[in-house]
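Engineer: need coordinates for the following:
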Amino acid sequence: MSRIGKKPIDIPQGVEVKIEGQTVTAKGPQGTESVTIRPEIEVKVQDNQVVLTKVSDSREADALYGLSRTLVANAVHGVKDGFEKKLEIQGVGYRASMEGKNLNLALGYSHPVIVEPPAGITISVEANTKITVKGSNKQTVGDVAAFIRSKRLPEVYKGKGVRYEGEYIRRKAGKAGKK
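Structural biologist: Have a look, this model is predicted:
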């Protein structure tokens, strides 16, 4: 039995949760998020809380119980407060800027790298080297941040590239000189 799945999800002030069949829709100040729950899990709203229960005691229901609760909790949290990922750029001449809604990255290539954010995602740049990705869907925010990072992964010799804020890069020793 999942300890995570048993916990009810509190519905914060200003968030509205509707259940239509197996689809849970959360609506709040940051937007609207929908999560489709598998039929092995039943969803109810009781006393201003979302409660999930297993329909059967199958292995599949056990595996989906905690996952379903987490997906619904992320949707509720996302429409209330939103999610954000911060990235840092390190390297001489590496910088970021905004061109309208698009992110323009200079990462040492012969051309600029342009990243168009998907719907519901906002990207902002502070001080040319700090990028913030915000949105109400946790998975989409993480995907966009990972996509930006993939344009120039941090390398192990000098540490140049795009990294998550606070990410530690294990550095390698360079070539040993002659003795």
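Engineer: isn't R163 right next to E155, touching?
Structural biologist: No - R163 is beyond contact range of E155, at 10.3 Å (criterion: CB atoms under 8 Å). Glycine gets a C-beta too; all of them are placed from N, C-alpha and C.
Engineer: more neighbours, these two?
Structural biologist: R163 (18 against 14; other CB atoms under 10 Å).
Engineer: what segments of this structure are strands?
Structural biologist: 9-10, 16-20, 23-28, 31-36, 41-46, 49-54, 83-90, 95-99, 102-106, 113-115, 121-126, 130-135, 161-164 (DSSP state E).
Engineer: so which elements touch the shortest one?
Structural biologist: This points to strand 9-10. Under the contact definition 3 or more CB pairs under 8 Å, 6 or more residues apart in numbering; DSSP states H and E, strand 9-10 sits against strand 49-54, helix 59-80.
Engineer: return the distance of the first one from the chain's centre.
Structural biologist: Read that as strand 49-54. When distances are taken as CA atoms, centre = their mean, to the nearest Å, strand 49-54 is centred 24 Å away from the chain's centroid.
Engineer: which secondary structure elements does it contact?
Structural biologist: Contact partners of strand 49-54 among helices and strands, from 3+ CB pairs under 8 Å, 6+ apart: strand 9-10, strand 41-46, helix 59-80.
Engineer: okay, the ones you listed in a markdown table with mean pLDDT and mean neighbour count next?
Structural biologist: Output for those, formatted as a markdown table (pLDDT from 0 to 100; neighbours: other CB atoms under 10 Å):
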| stretch | mean pLDDT | mean neighbour count |
| --- | --- | --- |
| strand 9-10 | 90 | 17 |
| strand 41-46 | 90 | 15 |
| helix 59-80 | 91 | 19 |
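Engineer: so for K138, which of the ones you listed sits nearest?
Structural biologist: Proximity to K138, assessed across those by CB to CB, is greatest for helix 59-80 (4.7 Å).
Engineer: residues making contact with the closest one?
Structural biologist: 1-5, 7, 9, 11-12, 14-15, 17, 24, 26-35, 37-38, 40-41, 43, 50, 52, 54-55, 83, 135-138 (CB atoms under 8 Å, 6 or more residues apart in numbering).
Engineer: now do 6 Å
Structural biologist: Helix 59-80 is contacted by residues 2, 4-5, 9, 12, 15, 24, 26, 28, 30-31, 33, 35, 37-38, 40-41, 50, 52, 54, 136-138 when judged by CB atoms under 6 Å, 6 or more residues apart in numbering.
Engineer: ok, and for stretch 90-109, which residues are buried?
Structural biologist: Q90, G91, Y94, A96, L103, L105, A106, L107 (16 or more other CB atoms under 10 Å).
Engineer: out of those residues, which one has the lowest pLDDT?
Structural biologist: In terms of pLDDT, G91 ranks lowest among the buried residues of stretch 90-109, with 88.
Engineer: kind regards, and thank you for your time.
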